[in-house]
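Asker: Any chance you could fold what I've pasted below:
(one chain, ligands or ions: 1)
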Amino acid sequence: MMEIFPFLNEYNYQQLLFCNDNGSGLKAIIAIHDTTLGPALGGVRMMAYPFEEAALKDVLRLARGMTYKASISGLDLGGGKSVIIGDPNSKKTEDLLRAMGRFIHSLGGKYIAGQDVGTNSQDMATIAQETPFVTCVHEVAGGPGDPSFATAYGVKVGMKALLKEAFGSDSLDNRRIAIQGVGNVGYYVAKYCHEEGAKITTTDVSERALRRVSDEFGAEIVDQHDIYGVNCDIFSPCAIGGVVNDEIIPKLKCSVIAGSANNVLAKDHHGLVLQRKGILYGPDYLINSGGLIQCQEEVLGEVIRNRVLEKVSRIYDQVLAVIHKAKEEKISTAEAADRIAEERIRKIQNIKRIWTG
Ligand code: NAD
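Answerer: Numbers count the residues shown, from 1 in each chain. I've put the predicted structure just below:
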């Protein structure tokens, strides 16, 4: 059995809520990492975890990631996440989601939910029957729906800043982009890049998803394991985390990595390994923060698409700031992003300490 408090201590987690509802079969965990900057906002992930410890580790890791994402993006949000243990295809019911909604409500707004792997905007509309502390609510229920287009827009903007550093020009024209996963976000990444003249190579486990990008954007399709070795300007992981690891790094033939997947680096030191290989890495939680930016707009009251995209486009300057810091302090871009996110939180904590004496 995992010792919980030493882990919470190490990364300074604020709160963990274990949620059990026998009637609906809900078993869930809500983790709140840090609320220095505002209420903790993070998605509700639903997955058939093989054992409880896997769910616990996942929710803790993801909640902490949200703190960094909100901080570096200049948002007034803290970091939190929740996981529902169970197969979303067979175990997701209205009853279960509403039970989850009541647990979210019991936190009084300290945690605000959103969609994530295994949940969608319709599920968020169901949760909204029980609590106002939820985002990504489906259009039919009066919300803005899935924020994937905003996430993808941020990925594109981040790519352009990275290209500027790598090649001196931020144009996507004629650049080759290798996209792993063309689901909700990856599809829009392909679309935005195609619109600016990029050539797309992609892979996915879904034939349908592949056919769509091949038909619409002339994307070249490769086998799942061949995507890493594609000779390209940008490798864009938009499916799963942990893909930049000891086995994959030697295969990479790209100049830049920028995708929507969370936790792209299998281990922290892989940021440095990429740097030594001459690959410019766009820190995942900064590059993929467009969806969270839309969520903050929703919390503030109104989502206006153009205003969201205008705010998301600020990722460009933030990526350049990360690159600048990495050079100045002779560290990887991943480390530089962490430092910028931590410095902002520390500053606000200090101000709060002065206020409260
Ligand atoms: P999605 O499920 O819609 O798309 C993922 C795609 O990847 C699917 O088409 C799936 O078939 C494919 N895939 C899965 N395993 C694969 C593999 N091994 N090789 C190739 N393709 C594979 O998910 P999404 O909403 O597009 O999110 C993509 C990633 O971005 C996830 O890691 C998610 O956590 C992250 N993310 C998404 C958002 C958002 O706004 N949706 C925001 C931040 C981060």
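Asker: Tell me who's in contact with the residue in the stretch 51-200 of the chain positioned nearest to the ligand.
Answerer: Among the residues of the stretch 51-200 of the chain, Gly183 lies closest to the ligand, at 1.8 Å counting by C-beta to the nearest ligand atom. Just so you know, the C-beta spots here come from the backbone N, C-alpha and C atoms, and that holds for glycine as well. Shown in contact with Gly183 (C-beta atoms under 8 Å, 6 or more residues apart in numbering): 204, 206, 209, 238-239.
Asker: Ala209 belongs to a strand?
Answerer: No. Going by DSSP: H, G, I helix; E, B strand; the rest coil, the assignment for Ala209 is helix, not a strand.
Asker: leaving aside the residues next to it on the chain, what's closest to it?
Answerer: Residue nearest to Ala209 in three dimensions, not counting chain neighbours: Val182, with 4.8 Å by C-beta to C-beta, 6 or more residues apart in numbering.
Asker: From Arg346, how far off is the one you found?
Answerer: 39 Å (C-beta to C-beta, to the nearest Å).
Asker: For Gly357, give me the pLDDT.
Answerer: pLDDT, Gly357: 68.
Asker: Then Arg353?
Answerer: 83.
Asker: Just the buried residues of the longest helix anywhere in the chain, please?
Answerer: In the chain, taking DSSP state H as the definition, the longest helix is helix 333-356. Using 16 or more other C-beta atoms under 10 Å as the burial criterion, the residues of helix 333-356 that qualify are 333-338, 340-341, 344-345.
Asker: Check these and tell me the two furthest apart.
Answerer: Greatest spatial distance in those: Thr333 and Ile345, 19.1 Å, computed using C-beta to C-beta.
Asker: quick revisit: can I get the contacts of Gly183 in JSON lines including pLDDT, secondary structure and neighbour count?
Answerer: Formatted as JSON lines, these follow (pLDDT from 0 to 100; DSSP: H, G, I helix; E, B strand; the rest coil; neighbours: other C-beta atoms under 10 Å):
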{"residue": "Asp204", "pLDDT": "97", "secondary structure": "coil", "neighbour count": "23"}
{"residue": "Ser206", "pLDDT": "96", "secondary structure": "coil", "neighbour count": "11"}
{"residue": "Ala209", "pLDDT": "97", "secondary structure": "helix", "neighbour count": "19"}
{"residue": "Cys238", "pLDDT": "98", "secondary structure": "coil", "neighbour count": "27"}
{"residue": "Ala239", "pLDDT": "96", "secondary structure": "coil", "neighbour count": "21"}
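Asker: how close does Val157 sit to Asp21?
Answerer: 41 Å.
Asker: Neighbour count: the two, which is higher?
Answerer: Val157 (24 against 16; other C-beta atoms under 10 Å).
Asker: possible to save the buried residues of helix 333-356 as CSV with pLDDT and distance to Tyr188?
Answerer: Formatted as CSV, those follow (pLDDT from 0 to 100; distance: C-beta to C-beta, whole Å):
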residue, pLDDT, distance to Tyr188
Thr333, 98, 24
Ala334, 97, 24
Glu335, 97, 29
Ala336, 98, 27
Ala337, 98, 23
Asp338, 97, 27
Ile340, 98, 26
Ala341, 98, 25
Arg344, 97, 28
Ile345, 97, 30
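Asker: is it possible to export those residues to a markdown table including distance to the ligand?
Answerer: Below are the buried residues of helix 333-356 laid out as a markdown table (distance: C-beta to the nearest ligand atom, whole Å):
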| residue | distance to the ligand |
| --- | --- |
| Thr333 | 18 |
| Ala334 | 16 |
| Glu335 | 21 |
| Ala336 | 20 |
| Ala337 | 15 |
| Asp338 | 18 |
| Ile340 | 19 |
| Ala341 | 16 |
| Arg344 | 20 |
| Ile345 | 20 |
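Asker: Could you pull out the helices in this structure for me?
Answerer: 4-10, 52-72, 88-91, 94-106, 121-127, 148-167, 184-195, 207-217, 270-277, 284-287, 290-300, 305-312, 315-329, 333-356.
Asker: Counting neighbours, what do you get for Thr203?
Answerer: Quick note: Thr203 (other C-beta under 10 Å) scores 24 neighbours.
Asker: what's it in contact with, if anything?
Answerer: Applying C-beta under 8 Å, 6+ apart, we find Thr203 in contact with 179-181, 210, 221-224, 226-227.
Asker: Next: Lys199.
Answerer: Per C-beta under 8 Å, 6+ apart, neighbours of Lys199: 174-177, 218, 220.
Asker: Could the C-alpha coordinates of stretch 203-213 be exported in CSV?
Answerer: Extracted in CSV, the C-alpha atoms of stretch 203-213 (Å, rounded to 0.1, in the frame of the first residue of the first chain):
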residue,chain,number,x,y,z
THR,A,203,-0.6,7.9,-37.6
ASP,A,204,-3.5,6.8,-35.4
VAL,A,205,-5.1,3.6,-34.2
SER,A,206,-8.4,4.7,-35.7
GLU,A,207,-8.8,4.1,-39.4
ARG,A,208,-11.7,6.6,-39.5
ALA,A,209,-9.6,9.4,-38.0
LEU,A,210,-6.8,8.7,-40.5
ARG,A,211,-9.2,8.7,-43.5
ARG,A,212,-10.5,12.1,-42.5
VAL,A,213,-7.1,13.9,-42.4
